[in-house]
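Trainee: Turn this into a model:
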Amino acid sequence: MALVIAGERSGVGKTTVTLTLLASLCRRGGQVQSFKVGPDYIDPMFHSYVTGLACRNLDPVLTCEAYVQQCFANHSQASEYSLVEGVMGLFDGVSSFVKDKGQRTDFASTAHIARLLDLPVVLVIDCSRLSGSVAAIAYGYCSFDPKIKIAGLVLNRVGSDRHLSLLKDALQSLQLPILGVLRRQDNITIPDRHLGLVPTAELSELDAVIERLADLGDTCFDWQHLLPLLNTQSSALNTQHSALSTQHSALNTQHSALSQVRIAVARDRAFNFYYQDNLDLLQQLGAELVFWSPLADSELPQNIQGMYFGGGFPEVFAQQLAANTNVRQAVKTAILQGMPTIAECGGLMYLCEEIIDFESKSYPMVGVIPTSACMGGRLTLGYRRAIALQDSLLVDADTTVYGHEFHRSSLKSNSHQPLFETYRYDCDENMGFEGWNLPINLHASYVHLHWGASVEIPQRFIQQCRGKVLSAN
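Mentor: Modelled structure (predicted):
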């Protein structure tokens, strides 16, 4: 069994509740596997920091329902406890219209994942401006979808003993367990900025925050009722062997006889948005991942055959990236020599001629992509259906892929042959042309891709990398 932590809406504190549970469970000595619903990168960083295990994203838009089930089964069965953090409100998902039934679905919502995995839900309610009305909220969520099993409530941001008494009195008639009570906390805060929480690598006081969360978790939860729900046990889902699972398990055998391909993966404070499943797939396909820092290293890793620049916050560290002129030139030389390279979002920005930050200050970057990445106030956010307009490093022309965009930058010039024509995932609204596909083995795009259900993408990348060695080294 495992639990899903859901919110009645965004901003109710489900990430804080999840981290508090994880910190307290780890203090108890159990191995805890966490999951995150949706495409988010930053919340999983915090999960992994607490548990010591890579958090896994469960997203049927970026992958598929079968992959979500198999990912959960594969990773939950190896740990004593499993916990899934939801996304937004419980029923907030992609509103796909089901024509034959004349209704809209909550596809990719927390509720969808709970039904898909047959897991109970703990509902987090922000009680800071509630008393008696809490019962109406709880009743509504419990009765809205009979397939969702609400195991109990966590009352967050409770102000006083009197406030808690009012909340309990209101909920008494529902006979719904209160599994946790968190008071308003002024001394436990995680700073945020323009794309969400500040990542773990930038927080010098994070260990102290986690300790305070563990202390809080030891006392605020009803562990007698929670532990049996969190305890991972064998189930029908755990013993499934889908085609996806068979395909993935065969990768190691398929490539074991081939020499490893050295791929330089940029990972530091500027570049840290990677799905762990993508990195795992590269390794299963025969890649040796060489992690390095465009911020701190003085040169590229030796004898590499490919490069991968994930997303992150290059705009925050633009001055330091610009100052590392040797590395910028080495990256440019490698790409111009035909080094197969993937650059997603922040990686794309780094490969541009310059980054112009929120204060309109310009910093030179690699210069392979002949345009500027300009920070702005407008947030580009959402799932994308992207159709390839030409053959590229990763996909053939006319291939449709599903990804996610989340950025506040834009490119000053798009005078090129674009990589994708993009649409909103849930309708035919055209979102324009996107990405750069240069005839030098470069795939650069704002669209983040998860390869879990599309093994052919990393396979193609690995094949292109074989036989390539950076001569500049």
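Trainee: what about C352, how many neighbours?
Mentor: Neighbour count of C352, defined by other C-beta atoms under 10 Å: 27. For glycine as for every other residue, the C-beta is placed from the backbone atoms N, C-alpha and C.
Trainee: can you check S360 too?
Mentor: 8.
Trainee: ditto for the one 4 residues further on
Mentor: Burial of P364, expressed as a neighbour count using other C-beta under 10 Å, amounts to 15.
Trainee: That one and C352 touch, don't they?
Mentor: No: with the criterion set as C-beta atoms under 8 Å, P364 and C352 do not qualify as a contacting pair; they are 9.6 Å apart.
Trainee: residues contacting the closest residue to T400 other than its chain neighbours?
Mentor: Setting aside the residues directly before and after it, T400 is nearest to I387 in space (C-beta to C-beta, 6 or more residues apart in numbering), at 5.3 Å. In this structure, I387 makes contact with 398-400, 420-423, judged by C-beta atoms under 8 Å, 6 or more residues apart in numbering.
Trainee: With T110 instead?
Mentor: Each residue near T110 by C-beta under 8 Å, 6+ apart is listed here: 4, 6, 37, 86-93, 121.
Trainee: Which one of those sits in the busiest neighbourhood?
Mentor: Top of the contacts of T110 by neighbour number is A6, holding 31 neighbours under the definition other C-beta under 10 Å.
Trainee: Can you report phi and psi for that one?
Mentor: A6 adopts backbone torsions of phi -120, psi 150, taken as degrees, to the nearest 10.
Trainee: picking up where we left off before, any idea how far the particular helix or strand that has the residue nearest to T400 in it is from the chain center?
Mentor: Applying DSSP states H and E as the criterion places I387 in strand 369-388. Between the mean C-alpha point of strand 369-388 and the mean C-alpha point of its chain there is a distance of 18 Å (C-alpha atoms, centre = their mean, to the nearest Å).
Trainee: in that strand, what's buried?
Mentor: 369, 371-375, 380, 382-388 (16 or more other C-beta atoms under 10 Å).
Trainee: Just checking: what are the partner strands of that strand?
Mentor: The sheet places strand 369-388 alongside strand 352-356 (parallel), strand 400-411 (antiparallel), strand 418-424 (antiparallel), with pairing taken from DSSP bridges.
Trainee: thinking again about what came up before, shared neighbours, P364 and C352?
Mentor: Counting by C-beta under 8 Å, 6+ apart, P364 and C352 have no common neighbour.
Trainee: if we can go back for a sec, the strands paired with strand 369-388 into TSV, with extra columns for mean pLDDT?
Mentor: Supplementary listing: these in TSV, determined by pLDDT from 0 to 100:
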stretch	mean pLDDT
strand 352-356	97
strand 400-411	94
strand 418-424	92
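Trainee: And the ones you listed: which comes nearest S82?
Mentor: When the strands paired with strand 369-388 are ranked by proximity to S82, the top entry is strand 400-411, at 24.1 Å, counting by C-beta to C-beta.
Trainee: which residues touch that closest one?
Mentor: Here strand 400-411 has contacts from 39, 61-62, 194-195, 311, 315, 345, 349, 352, 355, 371-388, 395, 420, 425, 445-450, 454, 457, using C-beta under 8 Å, 6+ apart.
Trainee: Over to stretch 421-438?
Mentor: Counting contacts by C-beta under 8 Å, 6+ apart, the residues outside stretch 421-438 that touch it are 61, 94-97, 348, 368-369, 382-387, 389-390, 392-393, 402, 414, 416-420, 442-447.
Trainee: So for it, what gets flagged as buried?
Mentor: Of the residues in stretch 421-438, those scored as buried under the neighbour-count criterion (16+ other C-beta under 10 Å) are 421-423, 425-426, 431, 434-438.
Trainee: swap in stretch 405-418?
Mentor: Buried residues in stretch 405-418, defined by neighbour count with 16+ other C-beta under 10 Å: 405-409, 411, 418.
Trainee: and the two most separated of the residues you listed?
Mentor: Greatest spacing in the buried residues of stretch 405-418, by C-beta to C-beta: R408 and P418 (20.4 Å).
Trainee: what separates stretch 34-46 from the chain centre, distance-wise?
Mentor: Distance, centroid of stretch 34-46 to centroid of chain: 4 Å (C-alpha atoms, centre = their mean).
Trainee: Quick check: end-to-end length of that stretch?
Mentor: Chord length of stretch 34-46, first to last residue, is 10 Å (C-alpha to C-alpha, to the nearest Å).
Trainee: Could you list the low-confidence segments of the protein?
Mentor: Using pLDDT under 70 as the threshold, the predicted model of the chain has low-confidence ranges 96-104, 186-187, 189, 193-196, 233-258, 414-415, 469-473.
Trainee: Outline the domain layout of it.
Mentor: Under the assignment named as automatic domain parsing, the residue ranges that make up the domains of the chain are 3-230, 246-465.
Trainee: Paired strands for the strand or helix carrying E434, with orientation please.
Mentor: Following DSSP H and E, the helix or strand that holds E434 is strand 430-438. Strand 430-438 has these partner strands in its sheet, going by DSSP bridges: strand 418-424 (antiparallel), strand 442-445 (antiparallel).
Trainee: so which of the ones you listed comes closest to Q283?
Mentor: The minimum distance between Q283 and the strands paired with strand 430-438 falls on strand 442-445, with 19.5 Å, by C-beta to C-beta.
Trainee: Format the contacts of T110 as JSON lines; extra columns: distance to M307 and secondary structure.
Mentor: Conversion of the contacts of T110 to JSON lines gives the following (distance: C-beta to C-beta, whole Å; DSSP: H, G, I helix; E, B strand; the rest coil):
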{"residue": "V4", "distance to M307": "37", "secondary structure": "strand"}
{"residue": "A6", "distance to M307": "39", "secondary structure": "strand"}
{"residue": "V37", "distance to M307": "31", "secondary structure": "strand"}
{"residue": "G86", "distance to M307": "35", "secondary structure": "strand"}
{"residue": "V87", "distance to M307": "31", "secondary structure": "strand"}
{"residue": "M88", "distance to M307": "34", "secondary structure": "strand"}
{"residue": "G89", "distance to M307": "39", "secondary structure": "strand"}
{"residue": "L90", "distance to M307": "40", "secondary structure": "coil"}
{"residue": "F91", "distance to M307": "41", "secondary structure": "coil"}
{"residue": "D92", "distance to M307": "37", "secondary structure": "coil"}
{"residue": "G93", "distance to M307": "35", "secondary structure": "coil"}
{"residue": "V121", "distance to M307": "41", "secondary structure": "strand"}
